[in-house]
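1. Okay, predicted coordinates and the sequence, questions at the end:
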Amino acid sequence: MDCQKRAVAIHDISCVGKCSLTVALPILSAAGIECSVLPTAILSTHTGGFTGYTFLDLTEEMLPIVRHWEKENIQVDALYSGYVGSDAQFPIIREVFQRLRRKDTLIMVDPVMADNGRYYPGFSPKTAEGMRTLCEMADVLVPNMTEAAFLLGEEYREGPYDSAYLEYLLKKLTELGPKKVVLTGVYPRENQLGAACISREDGGQIQWVLAQRMPGMYHGTGDIFASALLAALMKDLALEDATRIAVDYILDCIRDTDPRQEPRFGVNFERSLAALGSRILQAAEGTEIKCWT
Ligand code: PXL
């Protein structure tokens, strides 16, 4: 029997709206991975398309939670950061990475802060500055096209994107520190959408993982994508295979969502969740899963 791996997801709880921890938890669990949580904030809903949401900042709780885990000698196979509650959390998250990281711990940074050329409410170039400090410690960085531009201090460009621009972004992002980058929202032609990945360890060759472009805007797909990608990587799948699984899953989630539903309520990720779990577990069969002893 495989030993079970544990990820710590460092995101907010958006009580309604299917993003951050409410998708990370089920997706990692479906792949047989324990998802422990370090919540950054609690909001009544996410901030995309709702107004008047509540917001409880959990900055003060984060390090005491981690210190207790250290006392209990809790071992962590992956640290996965997403939506931060305030700029003050950047040095705290760096400290969490430092404290909990062991030799084989995978650090994934999803620099959640912007989409479609705009920062999310409450975020600014200062957020990008903070996110850059997390990139320095990341093994895997998963930005969308807007976040990639903002991390690099550049203007957002509308797609479709030519391969020279995408290659430029990927190379510049690896210079921020991560060993691997998976860029989402890659849109080289009108009818294609997907991701591009690069791994410094594999010689910096860019892999394109594209699928049919579906019309519409869907909230929370970045978090769903990153969680599925992390689940596959934690099962020791290769970066391109893990990216293919995450791209296909997003397509399934969109196909399973009634187009009449309001986009702010996210996608129906639940319908294909069991199939995602089976696909990851099957692809991982035969790979040796390293465990804490
Ligand atoms: O899906 C990213 C996300 C996560 N958490 C909160 C958000 C958003 C995007 O808007 O508002 C609270």
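-> Sure thing, it's come through.
2. tell me the contacts of the most centrally placed residue in the chain?
-> Centroid check for the chain by C-alpha atoms, centre = their mean gives residue 226 as the closest residue, at 3.1 Å. By C-beta atoms under 8 Å, 6 or more residues apart in numbering, the contact list for residue 226 reads 80, 82, 108, 110, 142, 246. (C-beta placed from N, C-alpha, C; glycine too.)
3. As CSV, the residues you listed with distance to the ligand and neighbour count would be great.
-> Below are these laid out as CSV (distance: C-beta to the nearest ligand atom, whole Å; neighbours: other C-beta atoms under 10 Å):
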residue, distance to the ligand, neighbour count
80, 13, 27
82, 7, 25
108, 15, 26
110, 9, 32
142, 12, 30
246, 15, 29
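4. tell me the SS of the residue nearest to the centre of the chain?
-> helix (DSSP: H, G, I helix; E, B strand; the rest coil).
5. Which positions in this protein make contact with the ligand?
-> When proximity is defined as C-beta under 6 Å from any ligand atom, the chain approaches the ligand at 12, 14, 19-20, 43, 46-48, 83, 112, 120, 220, 222-223.
6. So which of those are in strands?
-> 14, 43 (DSSP state E).
7. Now the buried members of the residues of the chain next to the ligand.
-> The neighbour-count test (16 or more other C-beta atoms under 10 Å) marks 12, 14, 19-20, 43, 46-48, 83, 112, 220, 222-223 as buried among the residues of the chain next to the ligand.
8. Just the ones in helices from the residues of the chain next to the ligand, please.
-> 222, 223 (DSSP state H).
9. In the residues of the chain next to the ligand, find the pair that's most separated.
-> Pairwise distances among the residues of the chain next to the ligand were taken by C-beta to C-beta; the largest, 16.5 Å, belongs to 43 and 222.
10. before we move on, back to that, go through the residues of the chain next to the ligand and name the one nearest residue 254.
-> residue 220 (11.3 Å).
11. Please name the spatially closest residue to that closest one (chain neighbours excluded).
-> residue 19 (3.6 Å; C-beta to C-beta, 6 or more residues apart in numbering).
12. what does residue 48 give?
-> Distance criterion C-beta to C-beta, 6+ apart; nearest residue to residue 48, sequence neighbours excluded, is residue 219 at 5.1 Å.
13. you'd agree that neighbour is up against residue 19?
-> Yes. Residue 219 is in contact with residue 19 according to C-beta atoms under 8 Å; the separation is 6.6 Å.
14. okay, and the common contacts of those two?
-> 46, 266.
15. tell me the helices in this structure, going along the chain?
-> For the chain, the helices defined by DSSP H cover 21-30, 59-71, 89-100, 125-135, 145-151, 163-174, 221-234, 239-255, 273-284.
16. Tell me which of the ones you listed sits most buried.
-> Among the helices of the chain, ranked by average contacts under mean count of other C-beta atoms under 10 Å, first place goes to helix 221-234 (a mean of 27).
17. Cool, thanks, talk later.
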